[in-house]
Every structure is written in structure tokens, then in C-alpha cells.
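In: next come a sequence and a model predicted from it.
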Amino acid sequence: MQRTVESVLEAATAGRFQRRLLGVFGLVWMADAMQVLAVGFTAASIAQTFGLSIPEALQTGTLFFLGMLIGATLFGRLADRFGRRNILIITVALDAVFGVLSIFAPNFIMLCALRFLTGLAVGGTLPVDYAMMAEFLPARNRGRWLVMLEGFWAIGTVLVALAAWGASVAVTSDAWRWIFAATALPALVGVFLRLWVPESPLYLLRKGETAKLRAVLNEVLQTNGRPQLGEHEDIAPSKPAQASGIFSPVLRRRTISILTIWFLVSVSYYGVFTWLPARLADEGFGYLRGHGFLVLVALAQIPGYVLAAWGVEALGRKPTLIGFLGMSAIGCILFLAAGTSQMVAVPILLMSFALLGTWGALYAYTPELYPTASRATGMGAAGSVARLGGLLAPSALAVLFIQDFSLAIALFCGLLVLSAVAALFIDTETRRSALE
């Protein structure tokens, strides 16, 4: 009797094994969020320590995102070639090492170099995490669980905001060192937890490693309290890979569409949340001034993920993505129309809610658009264009932000509308579809 990997995962359901996997991946994803968003929270302190302007200090962010761009492309391809597990352990170990060394950087040049290397490692975790998590989930639960994994980004956002708030109160100088220490701790713990994670069953199937595949599937079944594979139950061999390149004719349209969305959303998201912390801390209106409101902004992300987790399963990936992009654009419009501090608070909270719901839908949708042979490569490409957007946000747009913050928000509104248009051109809806 032959069974498919998908049918075995459906029989196993999403249970204890997937919860453990979510905890391991989520911890490091939370650490990644803290590392990324530390760019905005540390800029003022780095500038003070090294006698720089804030735009100059934000070059740490430029190099961090450059590292992420390279890391996402490099490690995504390596994960498709050499396996998810090995690359996963390497990237998290590098994240922890360079993250810790950043705390002790003696000068700005060394700090920039270490942030580049940290970004290289963080960028590499993105394609591996989501490809691997998707490949352990049954189709009927996949979208919701992938959004739940992305939800750890919101937890990381809250924690880095709290860390920045605490550092601003507790220390008089070099607050950035304490913030980087807080961002490095979850990655250190994650290194040891990642050793537990087995290799992806779909990767093992593609490589023809039948014995290891049976062992992994039996581990999933046993952990979830389900009967293991019988002696006479074989796993159907992998179908020959067809059109596995992400720009092959059958995949080209969806690749161009999804990468366009990743780039435009990234420019908007990192543009807002790289500059907003410094702006609110220095020039905020009334109660919007300082880190306290930024914690509230971070908390607003959590219901965005909850709604996205419901939407991707109930409505589908594409409608949910387009809906959140529309809400994000509306938040930008409301920000431009606001005048008082009370009125400004609402669109900021809406942007935080909607942009993070957008990310949740994107992370659920993207890995499902590609076959196993190129899933990590596709996620790596998405991560790369997102980091390109992150590169532009703190550096190339610096002059625009300094001269006219409202004009920058108007630009992001236009980019988000273009993203929604690009989503219309994606040629498939993947809700409850089996992974190839």
C-alpha cells in the first residue's frame, strides 16, 4: 500500500509536533524581528555614541539589510540543494554569534561590519523557516499556522520596543548596546532548540532518502499520538520535478507578481517603522512622544495577525492579502488627513495592524506558490527583494523623510495600492492545496 507524504501529514493532523516546531521557529523569528527593528530603535543612541547624525547612524541598517539580501538569496538556494536542517542550524548559529559581538563593537566601522554579518545570517533564516514549517503542515491547517509563525514578529516588535524603552530610562549612554543584547538572547537559545528539528519530509522525498523519510514521518505521527506507518505501507516516490525554476514559464507570472508585492510592501513597512520611532521619540505630539506609544503601536500588530490567520483559511490567500493591502493604504491616507495627536494615533495604529496582517498573508501564500525543489529558493528571492526595499527605506529615502514626512507617507500609500494591483495577477489560489 502506498501513501503520500501529504496523506500522512493529514492523518497526523496539526498537533504536538507542529506546536513544538512553531515554538522553535517562532523563538528565532521573534529574534529576527528584534534584530531588524532595532535599526530604528538604536539609531539615535548610536549617533550619540559615535558623534554622527541619525541618517549616518542608520547606515548600520543599510548594511544590515544588504546582508539580509545576500543571505536570503544564498541560503535559500543552499537549503534547496543541501537540505533545510543543516542550513537552518548554520544561519541561527551565525545570527547568535554576530549578534552578540555587535554589543561590544568598539567603533562605528566595526559595528557596521558586524551588523552586515548579522543581517547575512538573519536573511538566511527566512527561506528556511517558512519552507520547512510549510512542509510539516497538512493542507487544511497550513495557512493559519504559517500566519501564527509570522505572529511571533509582533511579539519581537513589542519586546524590542520595551527593551528600547527600558534602556532609555535605565542608562545614560550607549543604550544601543543594551538593545542589541536583548535582540541576541533569543537567537542564542534558538541555536540549541534548532538541533531538535528533523529534516523536511518533502525534501527527503525529493532526494529519495526513504529510510530517513519514514523515520521523520513516524516521529510526527508518534508525537501527535497517531498510529505509525505499517510495515507494508510505502511512501509514494516523488514525481519528477517539472518547471522547478522560479522564472520557468509556468511559474514566471506568479514569481514576478509576488516579488513585486514583497518589494513594495517592504519599502513601505521599513520606511514607516525605521523612521517612526525616532520621529515620535523626538517630535511626537503629546502622549505620542516617546517609547510608550511605540509599545502600543507594536501591540496593534497582534490582532492584525489574528484576522489574517482567519482570513487565509476562510476567504483564501489572495483576497486576504488584497484586503490588508487596501487597509494599509487607507491608514496612510488617514495619517495625511490627521491634525491633532488623537487623530494621528488612529492611522498609525491602523497602519501597524494592517501592514502586519499583510505580512502574515504574504508569508502564508508565498511558500505555497512553489514546488519543493524551488520552495526555499522562491522564499529566498522574496526575502532578497524585501531586503532591497529595506535598503532603500532608511538610506535612499532619508532626504525625503527629513524634508517632508507626509510626502513619504503619501508615496507609501501609492506603493501599497500598486501592490494590491500586482496581487490580482497571481495566477493561483492555494487555500487547502497539497504541496508539490
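Out: Happy to help now that I have it. Residues are numbered from 1 along each chain as shown.

In: helix or strand: which one has the residue lying closest to residue 338 once chain neighbours are set aside?
Out: With sequence-adjacent residues excluded and distances taken as C-beta to C-beta, 6 or more residues apart in numbering, residue 338 is closest to residue 344, at 4.4 Å. In this view, the C-beta of every residue, glycine as well, is placed from N, C-alpha and C. Secondary structure assignment for residue 344, by DSSP states H and E: helix 341-365.

In: buried residues, that helix. List them.
Out: Of the residues in helix 341-365, 344-345, 347-365 count as buried by neighbour count, 16 or more other C-beta atoms under 10 Å.

In: tell me the helices and strands packed up against the next helix or strand after that helix.
Out: Per DSSP H and E, the first helix or strand lying C-terminal to helix 341-365 is helix 375-391. Packed against helix 375-391 by the contact rule (3 or more C-beta pairs under 8 Å, 6 or more residues apart in numbering; DSSP states H and E) you find helix 59-82, helix 108-134, helix 249-283.

In: for those, give me CSV that also has mean neighbour count and mean pLDDT.
Out: Formatted as CSV, those follow (neighbours: other C-beta atoms under 10 Å; pLDDT from 0 to 100):
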stretch, mean neighbour count, mean pLDDT
helix 59-82, 23, 88
helix 108-134, 26, 90
helix 249-283, 21, 81
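
In: out of those, which gets nearest to residue 335?
Out: helix 249-283 (9.2 Å; C-beta to C-beta).

In: starting at the chain centroid, how far to that closest one?
Out: Chain-centre distance of helix 249-283: 11 Å, with C-alpha atoms, centre = their mean, to the nearest Å.

In: now swap in stretch 417-436 and tell me
Out: Taking mean C-alpha positions (C-alpha atoms, centre = their mean), stretch 417-436 and its chain are 18 Å apart.

In: please apply the same query to stretch 82-89.
Out: Distance of stretch 82-89 from the chain centroid (C-alpha atoms, centre = their mean) equals 18 Å.

In: list the contacts of residue 265.
Out: Taking C-beta atoms under 8 Å, 6 or more residues apart in numbering as the contact definition, residue 265 lies against 325, 328, 355, 358-359, 362, 386, 389, 415-416, 419.

In: just the strands in the stretch 151-300 of the chain please.
Out: 234-235 (DSSP state E, counting those that start in this stretch).

In: run through it and note the low-pLDDT ranges.
Out: Within the stretch 151-300 of the chain, the stretches with pLDDT under 70 are 238-244, 274-292, 294.

In: tell me how far residue 326 lies from residue 42.
Out: From residue 326 across to residue 42, the span is 33 Å (C-beta to C-beta, to the nearest Å).

In: if you count what's nearby, which of those two comes out ahead?
Out: residue 42 (31 against 16; other C-beta atoms under 10 Å).

In: could you point out which element follows the helix or strand harbouring the more buried one?
Out: Using DSSP H and E, residue 42 sits within helix 16-50. Note on helix 16-50: by DSSP H and E, the next helix or strand toward the C-terminus is helix 54-57.

In: what is the mean pLDDT for stretch 410-420?
Out: Across stretch 410-420, the average pLDDT comes to 92.

In: mind exporting that stretch as CSV, just the C-alpha atoms?
Out: C-alpha atoms of stretch 410-420 as CSV (Å, rounded to 0.1, in the frame of the first residue of the first chain):
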residue,chain,number,x,y,z
ALA,A,410,1.8,59.6,0.5
LEU,A,411,4.4,57.7,-1.5
PHE,A,412,3.9,54.6,0.6
CYS,A,413,0.2,54.8,0.0
GLY,A,414,0.7,54.7,-3.7
LEU,A,415,3.1,51.7,-3.4
LEU,A,416,0.6,49.8,-1.4
VAL,A,417,-2.1,50.4,-4.0
LEU,A,418,0.3,49.1,-6.7
SER,A,419,0.9,46.0,-4.5
ALA,A,420,-2.8,45.3,-4.4
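
In: wait, isn't residue 4 in contact with residue 237?
Out: No: here residue 4 lies out of contact with residue 237, judged by C-beta atoms under 8 Å, at a distance of 9.9 Å.

In: now the helix holding residue 344: mean pLDDT?
Out: Averaged across helix 341-365, pLDDT comes to 85.

In: from the contact counts, what lies against it?
Out: helix 139-170, helix 249-283, helix 291-299, helix 301-314, helix 317-337.

In: quick one, the longest one and helix 341-365 angle?
Out: Counting by axes from the mean of the first three to the mean of the last three C-alpha atoms, to 10 degrees, helix 249-283 lies at 150 degrees to helix 341-365.

In: again, but for the first one
Out: In terms of direction (the same axes, to 10 degrees), helix 139-170 departs from helix 341-365 by 140 degrees.

In: can you give me the buried ones in helix 139-170?
Out: Neighbour-count burial for helix 139-170, counted by 16+ other C-beta under 10 Å, picks out 139, 141-165, 167-168.

In: check the fourth one too.
Out: If you call a residue buried by 16+ other C-beta under 10 Å, then helix 301-314 has these buried ones: 301-302, 304-309, 311-313.

In: if we can go back for a sec, helices and strands around the helix holding residue 42, which ones?
Out: Packing contacts for helix 16-50, counted by 3+ C-beta pairs under 8 Å, 6+ apart, involve helix 54-57, helix 59-82, helix 84-103, helix 108-134, helix 139-170, helix 175-194, helix 210-223, helix 249-283.

In: let me know the outermost residue of this structure.
Out: Largest separation from the mean C-alpha position in the chain: residue 232, at 41.0 Å (C-alpha atoms, centre = their mean).

In: just list the residues touching the closest residue to residue 46 other than its chain neighbours, thanks.
Out: Spatial nearest neighbour of residue 46, excluding adjacent residues (C-beta to C-beta, 6+ apart): residue 57 at 4.2 Å. Contact analysis of residue 57 by C-beta under 8 Å, 6+ apart lists 42-44, 46-47, 50.
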